[in-house]
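Colleague: Sequence first, predicted coordinates after that:
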Amino acid sequence: MVPCWNHGNITRSKAEELLSRTGKDGSFLVRASESISRAYALCVLYRNCVYTYRILPNEEDKFTVQASEGVPMRFFTKLDQLIEFYKKENMGLVTHLQYPVPLEEEDAGDEPEEDAESIQSPPELPPRNIPLSAGPCEAKEVPLLSDNLRATEVSRPSLSETLFQRLQSMDTSGLPEEHLKAIQDYLSTQLALDSDFVKTGSSNLPHLKKLTMLLCKELYGEVIRTLPSLESLQRVFDQQLSPGLRPRPQVPGEANLVNMVAKLSQLTSLLSSIEDKVKALLHEGPESPHRRSLIPPVTFEVKSESLGIPQKLQLKVDVESGKLIIKKSKDGSEDKFYSHKKILQLIKSQKFLNKLVILVETEKEKTLRKEYVFADSKKREGFCQLLQQMKNKHSEQPEPDMITIFIGTWNMGNAPPPKKITSWFLSKGQGKTRDDSADYIPHDIYVIGTQEDPLGEKEWLEILKHSLQEITSMTFKTIAIHTLWNIRIVVLAKPEHENRISHICTDNVKTGIANTLGNKGAVGVSFMFNGTSLGFVNSHLTSGSEKKLRRNQNYMNILRFLALGDKKLSPFNITHRFTHLFWLGDLNYRVELPTWEAETIIQKIRQQQYADLLSHDQLLMERKEQKVFLHFEEEEITFAPTYRFERLTRDKYAYTKQKATGMKYNLPSWCDRVLWKSYPLVHVVCQSYGSTSDIMTSDHSPVFATFEAGVTSQFVSKNGPGTVDSQGQIEFLRCYATLKTKSQTKFYLELHSSCLESFVKSQEGENEEGSEGELVVKFGETLPKLKPIISDPEYLLDQHILISIKSSDSDESYGEGCIALRLEATETLLPIHTPLTHHGEMMGHFRGQIKLQTSQGKMREKLYDFVKTERDELSSGPKSLKSLTSHDPMKQWEPTNRMPPCGGSSITEIINPGYIGAAPFGHMKQTLSPDQQPTAWSYDQPLKDSSLGPGRGESPPTPPSQPPISPKKFSSSTTSRIPGPRTQESRPSDVGKNMAEPLPQEDPPLTKPEMFENPLYGSVSSFPKLVPRKEQESPKMPRKEPPPCPDPGISSPSILLSKAQETEGNKGTGKPVPPPAPFLSPTPRLRSFTCSSSADGRPAGGDKSQGKPKAPTGTQVPVPAKRPIKPSRSELSQQRPPLPVKSPAVLHLQHSKGRDYRDNTELPHHGKPRPEDPPLARAAMQ
């Protein structure tokens, strides 16, 4: 048995929590070291502080404690001997060991799951391999004591005998006698020797390697002889090979197991590649396939005003020729055209979702501003994507600034797919989908994750490539494919990117029963795209509505043990190793409602009242409480639950399942999800997120998400090779870290970055007691100055510094964060802030100042800056910067905070999402109080609103996690966090606090991220008028005169915004003057962050107009007249039940409006979470 004090692989923070709970001096436990493999950490509680001692093994596998200087080293053969010795007093520890802290009871999640009967054995993995692989796996998961391993061995003395009997029961007549004898010898004697290696924590199995080399001896020679012939055949059919290229000479390697596996892998990929190339050649002809992928011209019908007279025009986008053609009629001749070089900028209106301004350059080098109104926001988005594609295609830049990525996840339900799955890759179905006009634009990278996948890798690859060939006329390259049992991830890329992709890495983690079965777990792929690191994780987590805690643990295990990316970043897990990390899969989080509400749930789904169901979504609730996916983002969900359908139909949910133990319920849920996390201030926009409606072979529907992601090129210094670039310098001043820990130790910083030659280690900081039991570590002026390898601002401002704060006693990381160097000015001290996390948990914060010195030069404008978002005339200050790049309000970072005060803002546009306010250096500076110090960036989200919102001002917010409230209610609160002190990361419980810190610059009417309505919700009239988004998207409600509103010009709660100017006068502290008594209502008041001017007469609590003033008159933040004259509707609605029932008369009126089928029974605020709702959370993650 494992001693009660040996806690194996628990985290350091968990160990501190267990010790603190006991509260007795001398309490202790042992855990695995996080910094050294095969080492342990002895944690001891003394005077409410935790002291950590490393237990290190030597070459002879004897253990010793790294104790104080001067104390003689003692060696122990067993861990329990060591513990017994240190139970004596005065042995060199801070106190002697007295009270072992017992293990916590295992979560029931290790029991067979609800669908355990359907667990299949791993494909192509014979049962005899399981015991062999289980050993190392257990050693990795729980470093057991050597004597305990022997105890385990005694309890299972028949392992060799069992395997030997299994061999004897098999038909071995076809085996060479020499091979059979070698296998028998291994099972009878050498297996036990390999077992001893496993006991020491080693993953090396020398005797098994000898056996396999003996068995493969002749095979290796054959492979070496065969490969050159196959490679020659492949080159004959390779259309990409230039005539001058010569094959690399084959250097025969040593015949070891690693080389053998590599050669076999090379052999299988060559055979597959040859077949693909011959097929492509026969199908396409000798011309390179990707050159035939052309985007046909697309025409859009728009309205324009000339001298106040509206007229219809046709805009024809010809991507291939690089022209925008304007015609008065569809079949008429060209009126005029603009080449791609003359089209300077696309500016999207945030108030009017179908309005677009195009800035063009005339012959006289003057800039002309042309306004057009599209049929709907989806058409406008399709037009923007085509023009962006045109700009990219004809750019003079040799390397791309951005790429588009398709992410797909599908639980195939162990059934083969239908013949046609192209709708998945075209993002067609329900939710936020792509416009038809963008169908011909292929994505740069396709990442497809499947679970319960019954197909072989080759068969599935062929289906995927054929489907993509059908819609893009392009043969995609396989970048990686990795499978764990029935969990698989495939990465395909355009052929033109083949040489831009490097450092490909794959790995998997098992989280099935006892963390040894691969029926649940994750597979991952990572690689570099030029200078940008990308990571993708496909996971299948524990099933069962009641097992969300086990799912949380699955997530933590994957986070800790999935080995992807740069191995030099050892202090950092995968959430900090990649510029962009995408996490997809069947996460299995359910809608947490009683089973007897199943029919009610289905009725709400039919009426598309998703907001109420999403308020019970386990993933949103767990994220809101910062238990999982900390700082991740998710686009707004506007599609029906993807599980559990009756197969071969999407009209019926099969939510009951008869089992031997009784009736099992699987309520309709959003099990299949896509989330992402990017470094601060990088460009990332979610362009679509939805599910298909026509792929019905599984009980899950496939889910798609598409992204526009900023990438950097492999920068070459302009100084030429061999020269030292000494001009650049990164200086940190007055820095300190706040940590939640009871450890008594000294701390130092490690700084990692690709712009540094190697990581840099700082001196130890000074510890001080902080408030609420936190520890403050001050580094003052002691941090070393960093010398970047290249000081050109075009390179340096795209870089990031990763920070790890480590303990001196054990070299373990206590928190990791990331600082963006995209600063608004150089040669100037600027405040920085990053949250510190460790193993997915919040650990504290790092704050200070940074001064960046670069060489002469300036940032060139990126291609993705071509499309911007304009704050319309209603805006009175830096409007919802939030809906820009990330859905995470915390990702607005410093540029947002430094926007000019709302009153005097003359800025009328917001730069592309990820690079909010990326203006010339030194631009847009503002004096802020210490409270409101702009942070260079911070992706620590106030997750309280867990609705994860929009990107590029386009995507709608993710639905609410606050049960009875619709996402709209939080909109203003979320947006108002933007310019404020980003350093204050609010907890879910801090909802009320945000009210106390309104950020005046914001103008809620524009808060809604600008992206389109669900495709299903398109307008009936082919050409709507230019209308504010509220009317445009909620036309169905009876148009009653709205009750008097405190002020139509203000969209958030009147008083809050009325105080805006005063707040600003308050030196930007973010603390408004105490509001009048009527406004001192508790937290719920925050939720109704909108005045009662609901154009459809809805109660403000469900107000979808969220801050949409009736008239554009409220362009400035008004002053005194803004008091909530009536706390009325917006306040009263707070006390209403979550889903007020409408009268039949109102419902009838809604039906009679008949604009689209959402009208059925839309409740006051629980219809589809509208795009206009400011994201409840992008509040959630970085």
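Modeller: Yes, it's here. Just so you know, these numbers come straight off a predicted model, no measurement behind them. Numbering: from 1, shown residues only.
Colleague: what ranges do the helices span in the stretch 201-350 of the chain?
Modeller: Here the stretch 201-350 of the chain has its helices, by DSSP state H, counting those that start in this stretch, at 206-215, 217-237, 257-284.
Colleague: weakest of the ones you listed by average pLDDT?
Modeller: Per-stretch mean pLDDT for those is lowest at helix 257-284 (a mean of 67).
Colleague: Reformat the helices of the stretch 201-350 of the chain into a markdown table and put mean neighbour count and distance to Gln853 next to each item.
Modeller: For the C-beta atoms, the positions are set from N, CA and C on the backbone; glycine is no exception. Converted to a markdown table, those look like this (neighbours: other C-beta atoms under 10 Å; distance: least, C-beta to C-beta, whole Å):
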| stretch | mean neighbour count | distance to Gln853 |
| --- | --- | --- |
| helix 206-215 | 15 | 53 |
| helix 217-237 | 14 | 50 |
| helix 257-284 | 15 | 46 |
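Colleague: Is it possible to get JSON lines of these that adds distance to Leu648?
Modeller: Converted to JSON lines, the helices of the stretch 201-350 of the chain look like this (distance: least, C-beta to C-beta, whole Å):
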{"stretch": "helix 206-215", "distance to Leu648": "45"}
{"stretch": "helix 217-237", "distance to Leu648": "40"}
{"stretch": "helix 257-284", "distance to Leu648": "31"}
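Colleague: Give the buried residues for stretch 65-84.
Modeller: Val65, Ala67, Arg74, Phe76, Leu79, Asp80, Leu82, Ile83 (16 or more other C-beta atoms under 10 Å).
Colleague: Inside helices: which ones of those residues?
Modeller: If you go by DSSP state H, the buried residues of stretch 65-84 have Leu79, Asp80, Leu82, Ile83 in helices.
Colleague: Just to check, Met663 is in contact with Tyr655?
Modeller: No - checked against C-beta atoms under 8 Å, the pair Met663 and Tyr655 is beyond contact range at 10.3 Å.
Colleague: quick one: low-confidence ranges for the chain?
Modeller: Low-confidence segments of the chain, defined by pLDDT under 70, are located at 1, 67-71, 105-159, 198-204, 237-257, 272-273, 275-293, 716-726, 871-1182.
Colleague: Try it again at 50.
Modeller: 108-119, 121, 124-158, 240-251, 284-292, 722, 873-1025, 1027-1143, 1145-1182 (pLDDT under 50).
Colleague: which strand in it runs the most residues?
Modeller: Longest strand in the chain, counting residues (DSSP state E): strand 841-853.
Colleague: Thr506: helix or strand, and which one exactly?
Modeller: Thr506 belongs to strand 501-510 when assigned by DSSP states H and E.
Colleague: Can you give the strand pairings for that strand, parallel or anti for each?
Modeller: As defined by DSSP bridges, the strand partners of strand 501-510 come to strand 521-529 (antiparallel).
Colleague: More neighbours: Met663 and Tyr655, which one.
Modeller: Tyr655 (21 against 9; other C-beta atoms under 10 Å).
Colleague: surely the more buried one meets Lys664?
Modeller: No - if you go by C-beta under 8 Å, Tyr655 and Lys664 don't touch, sitting 9.5 Å apart.
Colleague: Neighbours of the residue nearest to His482 when sequence neighbours are not counted, how many?
Modeller: Excluding its sequence neighbours, the residue lying closest to His482 (C-beta to C-beta, 6 or more residues apart in numbering) is Thr506, at 4.0 Å. By the measure other C-beta under 10 Å, the count of residues near Thr506 is 18.
Colleague: contacting residues around Thr506?
Modeller: Contacts for Thr506 (C-beta atoms under 8 Å, 6 or more residues apart in numbering) come out as Ala480, His482, Ile489, Val523, Gly524, Val525, Ser526, Leu564.
Colleague: which element is the third one on?
Modeller: So that's Ile489. Ile489 belongs to strand 487-493 when assigned by DSSP H and E.
Colleague: who touches that strand?
Modeller: Under C-beta under 8 Å, 6+ apart, the answer for strand 487-493 is 444-451, 453, 457, 460-461, 464-465, 468, 476-483, 501, 506, 508, 518, 521-525, 527, 536, 538-540, 585.
Colleague: cool, and stretch 13-28?
Modeller: Contacts for stretch 13-28 (C-beta under 8 Å, 6+ apart): 5, 7, 10, 29, 31, 41-48, 50, 83, 95-101, 104, 740-743, 838-839, 841, 843.
Colleague: mind listing what Leu559 touches?
Modeller: Leu559 makes contacts with Asn573, Ile574, Thr575, His839, Gly840, as judged by C-beta under 8 Å, 6+ apart.
Colleague: Look up how far Gly710 lies from the third one.
Modeller: With the distance defined as C-beta to C-beta, to the nearest Å, Thr575 ends up 18 Å from Gly710.
Colleague: Counting neighbours, go ahead and name the busier of the two.
Modeller: Set Thr575 next to Gly710 and count neighbours by other C-beta under 10 Å: Gly710 wins out with 27 against 22.
Colleague: Stretch 643-653: which residues count as buried?
Modeller: Counting neighbours by 16+ other C-beta under 10 Å, stretch 643-653 gives Tyr643, Arg644, Phe645, Arg650, Tyr653 as buried.
Colleague: Could you give the bridge partners of the first one?
Modeller: According to DSSP bridges, the residues that bridge with Tyr643 are Ser669, His700.
Colleague: Gly408 reaches Leu426, doesn't it?
Modeller: No - the criterion here is C-beta under 8 Å, and Gly408 misses it with Leu426 at 11.0 Å.
Colleague: Just want to know which of those two has more residues nearby.
Modeller: Shown here are Gly408 and Leu426; by other C-beta under 10 Å, Gly408 has more neighbours (25 against 21).
Colleague: Kindly state the beta-bridge partners for that one.
Modeller: Ile448, Phe704.
Colleague: Look up how far Thr367 lies from it.
Modeller: 41 Å.
Colleague: which non-adjacent residue is nearest Asn840?
Modeller: Actually, residue 840 is Gly rather than Asn. Leu559 (4.9 Å).
Colleague: The one you found: helix or strand, and which one exactly?
Modeller: helix 548-561.
Colleague: same check, this time on Ala192
Modeller: Assessed by DSSP H and E, Ala192 sits inside helix 191-199.
Colleague: Quick one: work out the angle between that helix and helix 206-215.
Modeller: 130 degrees (axes from the mean of the first three to the mean of the last three C-alpha atoms, to 10 degrees).
Colleague: got the CA coordinates for helix 191-199 in PDB?
Modeller: In PDB, the C-alpha atoms belonging to helix 191-199 read as follows (Å, rounded to 0.1, in the frame of the first residue of the first chain):
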ATOM      1  CA  LEU A 191      10.500  -9.100 -17.800                       C
ATOM      2  CA  ALA A 192      11.200  -9.000 -14.100                       C
ATOM      3  CA  LEU A 193      14.500  -7.100 -14.800                       C
ATOM      4  CA  ASP A 194      12.600  -4.500 -16.800                       C
ATOM      5  CA  SER A 195      10.100  -4.200 -14.000                       C
ATOM      6  CA  ASP A 196      12.900  -3.200 -11.700                       C
ATOM      7  CA  PHE A 197      13.700  -0.300 -14.000                       C
ATOM      8  CA  VAL A 198      10.100   0.800 -13.900                       C
ATOM      9  CA  LYS A 199      10.200   0.800 -10.100                       C
END
